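S.K.: What follows is a predicted protein model with its sequence.
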Amino acid sequence: MTVPNGNCVQPVVFMKVCLLGRLSYLPFHVVGRVLCQLEPCGGVEVDQAVKAAKLAFGYWSKMSGMERARVMIEAAHIIEVSHESSNILDCISEMEVVNNGKSITEARLDVDSARVCIEYYAGLASTLAGQHVQLPGGSFAYTRREPLGVCVGIGAWNYPFQIVAWKSAPALACGNSMVFKPSPVTPVTAVMLAEIYAKAGVPEGLFNVVQGGQETGSLLCQHPDVAKVSFTGSVPTGRKIMEMASKGVKPVTLELGGKSPLLIFKDSDLENAVRGALMANFLSQGQVCSNGTRVFVQKDILPEFVKEVVKRTQAIEIGDPLLESTRMGALVSRPHLDKVLSFVDRAKKEGATVLCGGESYVPSDPKLRGGYYMTPCILGNCTDDMTCVKEEIFGPVMSVLPFETEDEVLQRANDTSLGLAAGVFTRDVRRAHRVVEHLKAGSCFINNYNITPVEVPFGGFKMSGIGRENGQVTIEFYSQLKTVFVEMGDVDSLF
Ligand SMILES: NC(=O)c1ccc[n+]([C@@H]2O[C@H](COP(=O)([O-])OP(=O)(O)OC[C@H]3O[C@@H](n4cnc5c(N)ncnc54)[C@H](O)[C@@H]3O)[C@@H](O)[C@H]2O)c1
Ligand SMILES: C[N+](C)(C)CCCC=O
């Protein structure tokens, strides 16, 4: 596999990637070296990308849903099939490991979930329809669901390929074009999706990748020809995006951070509760927005739960993310690793007990020595006022908190300005639904955690965001409704 370069993506990708043949290199998160140098796009390039997207919108928006669906299905198909003995899904997954540092096992799941997302919205493209409303005297009205125009997507670094698919698939299905800016920390795999869309036959300029950081992002949000901004990232940046979009009265989708609670009642199936807690905390080295990092455990089962969860956490295999056996790769950058470790230090100072992990980790393989690894951490003796319990750490750090009653735990679980996700483990079906009804979070899980099938809407309450991704409802966030009134009689004028 060769790394994407400026020639193969239309129209604006300024990547100066000095790379190599298939996996003859090592990911920089893994070994601590720079992967590639990219030039950020400035005003000229952003304008060029938006112009190209505007032109392509003219063609794409006039195609029928079925015609758009065919192209999108082809894109999903390209990801799935093998070409000349290499499988594209595996190529993208390996590059996602390079891009982000997560394990190859997880990267494959992410890339496949992106493929399924494109397939799902291809299926919905032909279902976009309006309503017919009968009015007096034979008059009637109808509604048309129309695309918005040029949509901007801005991504975070934790799920680079999944995020670009979650944004572009519904946007394209509705007839929009898109300019996407990946995080400068993980710039590579979004470009591969651009290549796939181009191969599948989308019009030139329909999907564009611009590289850069906050300046490039601001230019995109403020561009007068941009109709909508869909953003995934932190709360402070989300706030800025909303401010910029508000100047042009542009709709926004905001997928922001979380500090989600996971409630484990004494009647839970303990084995599943432990598995759920691990899934809620350690995917992608704990760098997951929806993670259930505040694990509330009913006092009666606390010792048993802690013993088992610590045992399983200590057994997590850390190391080279390209190995099939690895379950935890490298964190995304040195500054981020340092930040996560400083949260652990602060937790200790505030009185929490480190039950396991929480230290930087040096793999035995000498080539991995410079990588950004740490041991997954469980903090005991936590209280609700500790920094580790209040702030999003975005690393492999679970805080365990005892509770006694349902009312008490609900009050404590909801005591946060964030509301992305929440989970409950119990065998009592009435309790499960009662608890979920009271949890103030956009995505709730009963007896599982962190599963996001594409058919199901995903998004946050409170400061965790606005709008939804996935599911049918997302069509509404990438389209607008036009109402047409049709008079069949004479105009009944008052003048
Ligand atoms: N809710 C979700 O679906 C979801 C998913 C993944 C990550 N996240 C959140 O993302 C955060 C981690 O990601 P991050 O560190 O990349 O977030 P971030 O907010 O620092 O950056 C996100 C993106 O915004 C861009 N950006 C930064 N400043 C900007 C500005 N002023 N104008 C326009 N664009 C700007 C960045 O270049 C990047 O592409 C965490 O808080 C996590 O919870 C949320
Ligand atoms: C697929 N996960 C693990 C639920 C991640 C969703 C995106 C949040 O960071």
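M.R.: Nice, I can see it. Ligands and ions are numbered 1, 2, ... in the order given.

S.K.: Now do the SS call for the nearest residue to Gly130 once chain neighbours are set aside.
M.R.: Nearest residue to Gly130 in three dimensions, chain neighbours excluded: Thr143, at 3.7 Å (CB to CB, 6 or more residues apart in numbering). Using the backbone N, CA and C atoms, a C-beta is placed for each residue, glycine as well. Recorded secondary structure, Thr143: strand (DSSP: H, G, I helix; E, B strand; the rest coil).

S.K.: go on, Asp384?
M.R.: coil.

S.K.: Now for it, how many residues are close by?
M.R.: Neighbour count for Asp384, taken as other CB atoms under 10 Å: 14.

S.K.: just to revisit the earlier point, which residues are in contact with the residue nearest to Gly130?
M.R.: Contacts were defined as CB atoms under 8 Å, 6 or more residues apart in numbering; by that measure Thr143 touches 130-131, 133, 481-484.

S.K.: What of Tyr197?
M.R.: Taking CB under 8 Å, 6+ apart as the definition of contact, the neighbours of Tyr197 are 71, 75, 168, 172, 206-207.

S.K.: hang on, Gly371 packs against Met328?
M.R.: No - here Gly371 lies out of contact with Met328, judged by CB atoms under 8 Å, at a distance of 11.6 Å.

S.K.: When the two are compared, which one has more neighbours?
M.R.: Higher neighbour count among Gly371 and Met328: Gly371, with 29 against 26, using other CB under 10 Å.

S.K.: so that one sits in a helix?
M.R.: No - in this structure, Gly371 is coil, not part of a helix, as judged by three-state DSSP.

S.K.: all numbers from here: first residue = 20
M.R.: Let's use 20 as the start, then, which means that last one is Gly390.

S.K.: quick one: it and Thr345, what's the gap?
M.R.: Distance of Gly390 to Thr345, given as CB to CB, to the nearest Å: 12 Å.

S.K.: tally of neighbours for the residue in the stretch 20-169 of the chain that ligand 1 sits nearest to?
M.R.: When scored by CB to the nearest ligand atom, the stretch 20-169 of the chain has Pro59 as its residue closest to ligand 1, at 9.5 Å. Taking other CB under 10 Å as the neighbour definition, Pro59 ends up with a count of 19.

S.K.: Please name the spatially closest residue to it (chain neighbours excluded).
M.R.: Spatial nearest neighbour of Pro59, chain neighbours left out: Gly231 (3.4 Å); criterion: CB to CB, 6+ apart.

S.K.: Buried residues, stretch 419-427. List them.
M.R.: With burial defined by 16 or more other CB atoms under 10 Å, the residues of stretch 419-427 counted as buried are 419-422, 425.

S.K.: Tell me the residues of the stretch 370-514 of the chain that contact ligand 1?
M.R.: By the rule CB under 6 Å from any ligand atom, the part of the stretch 370-514 of the chain lying against ligand 1 is 411, 413, 439, 479, 484.

S.K.: which residues touch the third one?
M.R.: With contact set as CB under 8 Å, 6+ apart, Leu439 has these partners: 275-277, 279, 308-309, 460-462, 478-480, 483-484.
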